[in-house]
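[1] structure for the following, please:
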Amino acid sequence: MRDSPYTLDERAARAAGAVVRGAELRLPCPVHDSSPETLAIRQGDRAPLWHCHAGCDPVDVRDGLLAAGILVRRHARHAPTGTAPRDLRSPPRWIAGVWASASTLAETPADRYLRSRGLRPPWPEELRWDRRRRRMLARVTLGTDPRGLHATSVPGRERRTYGPVRGAAVRLAAMDGGVLAVAEGIETALAYAALTGTPAWAALSSAGMNRLELPDGLRWLAVAADFDGPGLLAAEQLERRARDAGIEARIDLPSRHRTDWADVLAASLTKL
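    The predicted structure is shown next:
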């Protein structure tokens, strides 16, 4: 068995916030917005061993650790003394490359998937198609700052978020005169916009809705809630935060329990 081409730089890991837990180091995962100890890593007999307890792809984790200087190629020269490792709160460098290499959605499986959900183009510029891994990508931004990517395997069976996206959202459309809607999912936000004409963003989850940073200039907010326990709780918290900030806000719920606005759009099309 050959030795690994990589070795673990424990000093860089500690500088990035790693703490010792028994025989391993625990630190934030460089791939997704995680708790401080989601990633476990240690130097094995022949190779560094790592595992993200949130289930991130080990290859993606490896690339993030290399970018952060925590994994080092054995043949590479050591970085000069005083060189700081990448801040794990910053987006991994590989994210920009993946986004740049992706194409528009037109005539891709993602285009056909969204149409199957009752949605119609033109598609937002914040959505692209990753040919290599056959998935729809959504750029997640905070203000004007790209923070990560959300990936949806087609036809929507698996979803994963990469990068430190706390407070960020997929900005599927620009606010219109300070008016905005926020939903959890991308398809849900697109459906709500199609039904109401209100520009919508996707917070990606109920937790994302809780953490969403309200944009400057927002005057009126529609919370396009999922009609379930976690969805309604997150919607109520976002509505309350908006009102506390002096923003007019309301919750829009589907009429049926355990549905979302994508379900409402699909039901409206079956009646035509």
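
[2] beta partners of the residue lying closest to residue 42 once chain neighbours are set aside?
    Closest residue to residue 42 apart from its sequence neighbours, by C-beta to C-beta, 6 or more residues apart in numbering: residue 24 at 4.1 Å. Backbone N, C-alpha and C define where each C-beta goes, glycine included. Applying DSSP bridges to residue 24 gives these bridge partners: residue 21.

[3] give the ranges of residues in the stretch 1-150 of the chain that sit below the confidence cut-off.
    For the stretch 1-150 of the chain, residues meeting the criterion pLDDT under 70 lie at 1-3, 33-35, 75-89.

[4] can you pull out the strands in it?
    For the stretch 1-150 of the chain, applying DSSP state E, counting those that start in this stretch gives strands covering 6-8, 19-21, 24-27, 39-43, 48-52, 71-73, 127-130, 135-142, 145-153.

[5] over to the stretch 151-272 of the chain?
    Here the stretch 151-272 of the chain has its strands, by DSSP E, counting those that start in this stretch, at 159-162, 170-171, 179-183, 200-202, 220-224, 248-252.

[6] could you check how far the residue nearest to residue 42 is from residue 73?
    To residue 73, residue 24 is 21 Å away according to C-beta to C-beta, to the nearest Å.

[7] rewinding a little: do you know which of the strands of the stretch 151-272 of the chain lies nearest residue 105?
    strand 170-171 (13.6 Å; C-beta to C-beta).

[8] what sits against the closest residue to residue 203 other than its chain neighbours?
    Leaving aside its chain neighbours, residue 203 sits nearest to residue 209 (4.2 Å; criterion: C-beta to C-beta, 6+ apart). By C-beta atoms under 8 Å, 6 or more residues apart in numbering, the contact set of residue 209 is 182, 184, 203, 223, 234, 235, 237, 238.

[9] go ahead and confirm the fifth one touches residue 210.
    Yes - assessed by C-beta atoms under 8 Å, residue 234 is found in contact with residue 210 at 5.4 Å.

[10] which one's more surrounded, these two?
    Set side by side, residue 234 and residue 210 show more neighbours around residue 234, with 25 against 15, by other C-beta atoms under 10 Å.

[11] okay, that one and residue 153: tell me how far apart.
    Counting by C-beta to C-beta, the gap from residue 234 to residue 153 is 24 Å.

[12] ok, now residue 147?
    Counting by C-beta to C-beta, the gap from residue 147 to residue 153 is 21 Å.

[13] kindly report the same for residue 248.
    38 Å.

[14] thank you, goodbye.
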